[in-house]
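# what's the 3D shape of this:
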Amino acid sequence: MLRHYFMLLIEALNINSGGPAELLYYLLEELESRQIEYYILLDFRLPTRRIPNLNRCSVYKRGFINRSKILKKHLNEQKNIKTLFCFGNYPPPFLIKENIKVVTFFHNMLLLEVKNTPKLITKLAWTVKTLYFKKILGNSNFFIFQSKIVENSFKIKFKVPVNVNLETCLFFNLPYLSKLLNKFQNQQIKRIPQSFIYPSLAYPHKNHNRLLDAWNKLYDSGLTPILYLTVPIKNVSLLEKIDFLKRKGVKINNLGVISYEAVQEQTYKCEFCIFPSLLETVGLGLIETTFLGCKILAGDLTYSRNLIKPSLVFDPLDIEDMIRAIKIALTNKNLMPATLCAQNEIEKLLAILNC
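Below is the predicted model of the structure:
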């Protein structure tokens, strides 16, 4: 614990991977570069290599389960806190004293779309989480969302108290992406012809099964583009399907869970990126791959249209339409890279946090 007082306490006790982790790293980098006093509570599973200042954090195992106790401990120890920033969707489980502003970053569409989860046990778990969220919603003064779509869905799903403010604030790590892009260009990395990547963890709404079915049908029709995936080893049924298709001869290379930089390097190497995801709070992968200059095939959904102008679109629920788009990508030599429509609003976020 820092010996001197800090004004911003960040609670990230359930952030450990994926897009939310990248956004957290970015926020900490910005706070450090601006010499803003802060302290952060971390999940022990979050890799610390990119934490800019380990002296400004406490790491907890099973911290989200003991969240109430941990928060009370740090709030009581530090008397100068002006803002509590809950980074992992949930407001604090108790009311905070009036002189502290509570801001919650909401980025989990599954809390809004429980009906779309395919398994009954998963649906029941998310239903319980949603009921708990409704109970503690009023403990936050602000909710921040990365898109208007999520904010509007939030307002429809939950009864928001009049004293709770809602703000849309899209932020992403443009400086780090620029650094990586320059590195790849200086290394003169070449694109792999007829290569595709889907840089995403394999949650059900990410739609990997339909993507694999499309690759199987492409193979049966005599087309063999290579597909790179980042499916974790815990997704046993999906890995078994990938292994079956590979034994058949379908070109699929599962990279597993690799570092953020390694994902971006492989993305830069690929000629195309394909995004069949059915549900996104924002779709950081779309922003990242667009910035890296890739040709992007994206599901024709509102979240993708709000972020980028894709090279091609398809119906992510229709395997045949997905195949149609892939075939066009493979044959159209004049296909243009995607273009970015979104802007980085990190300054707005810092203003909300009083930084």
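# which residue ranges of the stretch 101-250 of the chain form helices?
120-136, 148-157, 174-186, 208-220, 236-248 (DSSP state H, counting those that start in this stretch).
# need the winner for burial among the ones you listed.
Mean neighbour count (mean count of other Cβ atoms under 10 Å) peaks for helix 208-220 among the helices of the stretch 101-250 of the chain, with a mean of 19. For every residue, glycine as well, the C-beta is placed using N, CA and C.
# quick one on the thing from earlier: indicate which one of the helices of the stretch 101-250 of the chain is closest to Ala342.
helix 174-186 (10.3 Å; Cβ to Cβ).
# let me see the mean pLDDT of the closest one.
Throughout helix 174-186, pLDDT has a mean value of 92.
# all further residue positions should be reported with the first residue as 15.
Sure thing, new numbering starts at 15, so read that last one as helix 188-200.
# other SSEs contacting it?
Applying 3 or more Cβ pairs under 8 Å, 6 or more residues apart in numbering; DSSP states H and E, we find helix 188-200 packed against helix 32-47, helix 274-283, helix 298-305.
# and the ones you listed, which is most packed in?
Per-stretch averages of neighbours, counted by mean count of other Cβ under 10 Å, single out helix 298-305 among the helices and strands packed on helix 188-200, with a mean of 24.
# now render the helices and strands packed on helix 188-200 as TSV, adding mean pLDDT and distance to Leu367.
Formatted as TSV, the helices and strands packed on helix 188-200 follow (pLDDT from 0 to 100; distance: least, Cβ to Cβ, whole Å):
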stretch	mean pLDDT	distance to Leu367
helix 32-47	93	9
helix 274-283	94	24
helix 298-305	91	20
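# between the ones you listed, which one is closest to Lys248.
helix 32-47 (13.7 Å).
# so how far is the closest one off the chain centroid?
12 Å (Cα atoms, centre = their mean, to the nearest Å).
# which SSE is immediately downstream of that helix?
Sequence-wise, the next helix or strand downstream of helix 32-47 (DSSP states H and E) is strand 52-57.
# for that following strand, packing partners?
By 3+ Cβ pairs under 8 Å, 6+ apart, strand 52-57 packs against strand 22-26, helix 32-47, strand 71-74, helix 81-91.
# quick revisit: with distance to Leu344 as added columns, please give the helices of the stretch 115-264 of the chain in TSV.
TSV is the format used below for those (distance: least, Cβ to Cβ, whole Å):
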stretch	distance to Leu344
helix 134-150	36
helix 162-171	31
helix 188-200	23
helix 222-234	9
helix 250-262	18
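# quick one, which of those helices is nearest to Thr345?
helix 222-234 (12.6 Å).
# any chance of the helices and strands packed on helix 188-200 in a markdown table with distance to Pro330 as columns?
Formatted as a markdown table, these follow (distance: least, Cβ to Cβ, whole Å):
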| stretch | distance to Pro330 |
| --- | --- |
| helix 32-47 | 18 |
| helix 274-283 | 19 |
| helix 298-305 | 13 |
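# so which of those helices comes closest to Met350?
helix 298-305 (11.5 Å).
# for the closest one, what is the distance to the chain centroid?
Its chain's average C-alpha position is 11 Å from that of helix 298-305, according to Cα atoms, centre = their mean.
# right, and the helix or strand after it?
Going down the chain from helix 298-305, the next helix or strand is strand 309-313, by DSSP H and E.
# tell me the helix or strand right after that next one.
As assigned by DSSP H and E, the chain's next helix or strand after strand 309-313 is helix 316-321.
# picking that back up, how about the helices and strands packed on helix 188-200, which one is nearest Ile65?
Closest to Ile65 of the helices and strands packed on helix 188-200 is helix 32-47 (Cβ to Cβ; 6.5 Å).
# okay, the closest one in CSV with CA atoms only?
Output of helix 32-47 as CSV, limited to C-alpha atoms (Å, rounded to 0.1, in the frame of the first residue of the first chain):
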residue,chain,number,x,y,z
GLY,A,32,-9.5,-10.5,-22.9
GLY,A,33,-10.6,-7.0,-23.9
PRO,A,34,-11.4,-5.7,-20.4
ALA,A,35,-7.8,-6.6,-19.3
GLU,A,36,-6.4,-4.6,-22.2
LEU,A,37,-8.5,-1.6,-21.4
LEU,A,38,-7.4,-1.8,-17.8
TYR,A,39,-3.7,-1.9,-18.8
TYR,A,40,-4.4,1.2,-21.0
LEU,A,41,-6.1,3.1,-18.2
LEU,A,42,-3.2,2.4,-15.8
GLU,A,43,-0.7,3.6,-18.5
GLU,A,44,-2.6,6.8,-18.9
LEU,A,45,-2.8,7.4,-15.1
GLU,A,46,1.0,6.8,-14.8
SER,A,47,1.9,9.0,-17.7
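# good, we can wrap up now.
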